[in-house]
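[1] I need the structure of the sequence given here:
(2 chains)
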Amino acid sequence: MTQAFLLSFKLAALTALVLLALGVPLAYWLAFHDFRGRRLLEALLLLPLTLPPTVLGFYLLVLLAPDGALGRLGLRWAFTFPGIWLGSVIFSLPFALTAYKEAFRAIDPEVLDVVRTLGVGRVKRWRRVILPWVWPGLLSGTLLAFAHTLGEFGVVLLVGGNIPGETRVASIYIFDLVQSLDFASAHRAAAVFVALAFAMIYAVRSLEERWRSPTG
Amino acid sequence: MEIAYRLTRPLRMDVRLRVSGLTALLGPSGSGKTTLLKALAGLIPAAGRPFGGLPPEKRRIGYLPQGYALVPHLTALENVELALPEGGGDAPGLLEQVGLAGHAGRYPAELSGGQQQRVALARALARQPRLLLLDEPTSALDAISRDAALDLLESLSRRLNLPVLIVTHDPYVASRCNHVGVLENGVIAQAGDPEEVFQRPATVSIARMVGFSNVFSGRVVESGENGVVLEVGDHRLRVETPARPPLGQRVTWGIRPEEVMVVRGDRPLPAGLRANVLRVRVARMQKRGAGYCFRLSGPLELAMLLPRHVQDRLRLAEAASIEVVLKPRYIHLFSDSD
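    This next block holds a predicted model:
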C-alpha cells in the first residue's frame, strides 16, 4: 500500500508542479489579453472536463505507443511513469487553469496600469503586486489539481496499466484489491483517501476565504 | 508645459494645450478626457509631445485614475514605497506632505475616499513627476473634501513647481484652476483663463458646460459703436459686444443665471436700460446651495440665481409677477450662431 500511495504522491506532486509552471503564465495571458481564436483555445484546454477519461487515455495510449505518432518521435511512454504523468497534466489542466484565471481576474487591470506609470518594472510588479494578490488562488488551484490527480483512475489505467512501482497508483491499487476480494486492505486504503481528500478540500476552502478578504 | 497629442483609437483626437499650475480639461462625459490622460501616461498608443513613444515606466508622470488604483494588499506606506527605489526615498515624509502621517499602516480599504486619494497623490509624487494627471479627482468627494483636495493640489503644484492637469466635467473645479481647456469633438475648442472662458464661452455647447443655462436666438436689427440691438420676439435688447455681426443676421446669445437681475421699484433704472427689462412670472423656486434658483416664464424662459441675502430682502414667491433686467454688458453673443 505504501508503495502505491508514494507513487500517487509523486505523480500528483510532479503534475502540480508542471501545472504551476505552465498554467500560471497561460492563465495570466488568458486573463489579460484578448486575441482571435481565444475561445477556441480555451475550449480545447478545457476539453478534458467533458471528455471521458478513458477516451483521453485511449488516444494517449495510441499516440505514445512505440509505433504511435509521438512514440515515433521518441516519446515511447505507454505503460511508463512519464506516460501517466503527461496524461495527468492534460487531465488536470482545466481545474488548475480555471482557478488560476479566476485569481488573475480578481486583479483590477487599472492598478497594474498605474503601477507601471509609477516606474515599477516587471519583476517588481510580479513580486510586490501580482503574486501577493493572487497567491491564495494559485495555491488553491494547485491543491485542487493535486487532489484531482491523486484520485485519477481512467487515464492512468489506460496509459499506464498496472505495473507495481511504475504505474500502479493508489486508486488502481484499490481497484486491484477489490477485484481480488481483499476487502480489508481496500478498506484501509480507502480510509486514507477519505482523510486526504477531506484535508485538501478543507485547505482549498480556507484559501478561498482568505482570497476574498479585502486586504488579502 | 505644452502638450500636443494626436490619437486615432479609441477616439480621434488632436489636442494641444498649455498646462501651467492647475489646469482643467473640461469636457462632457464621453468627450475622451480619460482617453487623453491614458495616452499621456503611455497606456494607450498615441503620438505626441512630451514623452511620445516612451513606455509608461519611462514617463515621469503621476497618473491618478478615478478609483485611485491603490494596491489593496499594501498599506498606505507600502503603496508609496512601491514607487520609490528599493530602500531609498522618504515614504513617511511623502505621506506627511499630504497630511496622512498617522495613517501609514492602514490598508486602502480602511481609508476614506479622500484619504485614498491623498495616498495615491503621495505615491505619484514619489516618482518625482514632471506632470501630474488627475481624472475627475473631486467626483467622489463631498463639497468640503472637494475644496480641501483642490487646496492641496494647488499648494503642491505651487511648492513643487509641478504642472497639474485635472480632467473634470465640473465647472466649479475648472473655475478654481489657473488655466482651462475645453475638449470638444477631439480638439481643444477653447482655452484660456477660467474667467475668460466662463464669461465669454466660444460656443453654445461650451456655454452650457460652464453654466450658461439661458441661451436664446435673436436677429441683429441695429449695429453701433458700443454694440448691437437684437430683436427677440417682441423685444429689442441692447447688447454690449465688440462683435459686429451684419444687420439681419440671426445670432445666439445668452446670459448667466446669476447675472439676471430683479428690478426694484425703489431703485429706478437708468433710461438706457428700460429696453432690456422683461416682465416675467416666477414659475418655480428652488433652494440651491447658499442661494435660490428661479424659473421665470414670460417672453423668455429664464433661469435666475439669487444669493440668499438678496432673496431675504426681495421675498419673491412662486406665481409673483416681477420685472428683471438683462444688462447689456452681461449678455454674451456666441460666435457659432446655430
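
[2] show me where chain A has helices.
    Residue ranges of the helices in chain A, as given by DSSP state H, are A:2-32, A:38-46, A:53-64, A:81-105, A:109-117, A:122-124, A:131-150, A:154-160, A:170-179, A:183-212.

[3] out of the ones you listed, deepest packed?
    Compared across those, helix A:154-160 shows the largest average neighbour count, a mean of 24 (mean count of other CB atoms under 10 Å in any protein chain shown). Glycine gets a C-beta too; all of them are placed from N, C-alpha and C.

[4] residue ranges with poor pLDDT in the chain?
    Unless you meant another one, I'm taking chain A. A:211-216 (pLDDT under 70).

[5] oops, I was thinking of chain B
    For chain B, the stretches flagged by pLDDT under 70 are B:336-338.

[6] for it, what's the longest helix?
    Counting residues, the longest helix found in chain B (DSSP H) is helix B:143-160.

[7] who are the packing partners of that one?
    Using 3 or more CB pairs under 8 Å, 6 or more residues apart in numbering or on different chains; DSSP states H and E, the elements in contact with helix B:143-160 are strand B:22-26, helix B:113-126, strand B:131-135, strand B:164-168, helix B:171-175.

[8] quick one: buried residues of that helix?
    B:145-146, B:148-150, B:152-154, B:156-157 (16 or more other CB atoms under 10 Å in any protein chain shown).

[9] with stretch B:120-135 instead?
    For stretch B:120-135, burial by neighbour count (16+ other CB under 10 Å) applies to B:120-127, B:129, B:131-135.

[10] can I get it as PDB, trimmed to CA atoms?
    This file holds the C-alpha atoms of stretch B:120-135, laid out as PDB (Å, rounded to 0.1, in the frame of the first residue of the first chain):
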ATOM      1  CA  ALA B 120      -2.400  58.000  -4.400                       C
ATOM      2  CA  LEU B 121      -1.100  61.500  -4.600                       C
ATOM      3  CA  ALA B 122       1.800  60.800  -2.300                       C
ATOM      4  CA  ARG B 123       2.600  57.700  -4.300                       C
ATOM      5  CA  ALA B 124       2.500  59.700  -7.600                       C
ATOM      6  CA  LEU B 125       4.800  62.300  -6.100                       C
ATOM      7  CA  ALA B 126       7.300  59.600  -5.000                       C
ATOM      8  CA  ARG B 127       8.100  59.200  -8.700                       C
ATOM      9  CA  GLN B 128       9.200  62.900  -8.900                       C
ATOM     10  CA  PRO B 129       6.800  63.500 -11.800                       C
ATOM     11  CA  ARG B 130       7.200  66.400 -14.200                       C
ATOM     12  CA  LEU B 131       3.400  66.400 -14.900                       C
ATOM     13  CA  LEU B 132       0.600  65.200 -12.700                       C
ATOM     14  CA  LEU B 133      -2.600  63.900 -14.300                       C
ATOM     15  CA  LEU B 134      -5.900  63.500 -12.300                       C
ATOM     16  CA  ASP B 135      -9.100  62.000 -13.600                       C
END
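
[11] how far is it from where the chain is centred?
    Relative to its chain's centre, stretch B:120-135 lies at 21 Å (CA atoms, centre = their mean, to the nearest Å).

[12] got the buried residues for stretch B:169-186?
    Counting neighbours by 16+ other CB under 10 Å, one finds that the buried residues in stretch B:169-186 are B:169-171, B:173-184, B:186.

[13] farthest-apart pair in these, please.
    Distances among the buried residues of stretch B:169-186 were taken as CB to CB; the most separated pair is B:Arg176 and B:Gly186, at 25.7 Å.

[14] out of the helices and strands packed on helix B:143-160, which comes closest to A:Gly141?
    Distance to A:Gly141, taken as CB to CB, is lowest for helix B:113-126 among those, at 30.5 Å.

[15] other SSEs contacting the closest one?
    strand B:61-64, helix B:76-82, helix B:91-97, helix B:143-160.

[16] who are the packing partners of the second one?
    Applying 3+ CB pairs under 8 Å, 6+ apart, one finds that helix B:76-82 makes contact with helix B:91-97, helix B:113-126.

[17] turn these into TSV, including distance to B:Ile206.
    Formatted as TSV, those follow (distance: least, CB to CB, whole Å):
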stretch	distance to B:Ile206
helix B:91-97	36
helix B:113-126	28
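
[18] which residues of chain B lie near chain A?
    With CB under 8 Å from any CB of the partner chain as the criterion, chain B comes near chain A at residues B:38, B:41-43, B:55-59, B:61-65, B:67, B:69-74, B:82-83, B:107, B:109-110, B:123-124, B:126-127.

[19] and the residues you listed, which are buried?
    Taking 16+ other CB under 10 Å as the criterion, what is buried in the residues of chain B next to chain A is B:38, B:41-43, B:56, B:59, B:61-65, B:67, B:69-74, B:82-83, B:107, B:123-124, B:126-127.

[20] longest strand in chain B, please.
    strand B:277-288 (DSSP state E).

[21] report the strands that pair with that strand, each with its relative direction.
    Partners of strand B:277-288 in the sheet, by DSSP bridges, are strand B:291-297 (antiparallel), strand B:321-325 (antiparallel).

[22] ok, so what distance separates B:Gln190 from B:Ala207?
    Separation of B:Gln190 from B:Ala207 (CB to CB, to the nearest Å) stands at 10 Å.

[23] and for B:Val277?
    23 Å.

[24] then A:Ala69?
    According to CB to CB, A:Ala69 and B:Ala207 sit 73 Å apart.

[25] got it, and B:Leu74?
    B:Leu74 is 45 Å from B:Ala207, by CB to CB.

[26] residues in chain A within reach of chain B, list them.
    So far as CB under 8 Å from any CB goes, chain A lies against chain B at A:108, A:110-111, A:113-121, A:124, A:128-129, A:132-133, A:214-216.

[27] 7 Å instead?
    For chain A, the contact set with chain B under CB under 7 Å from any CB of the partner chain comprises A:108, A:110-111, A:113-121, A:128-129, A:132-133, A:214-216.

[28] which ones are touching B:Val220?
    B:228, B:230, B:245-249, B:251 (CB atoms under 7 Å, 6 or more residues apart in numbering or on different chains).

[29] go again with 6 Å.
    Listed by CB atoms under 6 Å, 6 or more residues apart in numbering or on different chains, the contact set of B:Val220 reads B:228, B:245, B:247, B:249.

[30] most neighbours among these, which one is it?
    In terms of neighbours by other CB atoms under 10 Å in any protein chain shown, these top out with B:Val228 at 25 neighbours.

[31] now do the host helix or strand of that one against strand B:277-288, angle only.
    Using DSSP states H and E, B:Val228 sits within strand B:227-232. Put simply, strand B:227-232 runs at 80 degrees to strand B:277-288, going by axes from the mean of the first three to the mean of the last three CA atoms, to 10 degrees.

[32] just the buried residues of strand B:227-232, please?
    B:227-230, B:232.

[33] what pairs with that strand, parallel or antiparallel?
    Strand B:227-232 has its sheet partners listed here by DSSP bridges as strand B:214-223 (antiparallel), strand B:235-240 (antiparallel).

[34] buried sites along the first one?
    Within strand B:214-223, the residues scored as buried using 16+ other CB under 10 Å are B:214-216, B:218, B:220.

[35] also stretch B:327-338?
    Residues of stretch B:327-338 classed as buried: B:327-328, B:330-334 (neighbour count, 16+ other CB under 10 Å).
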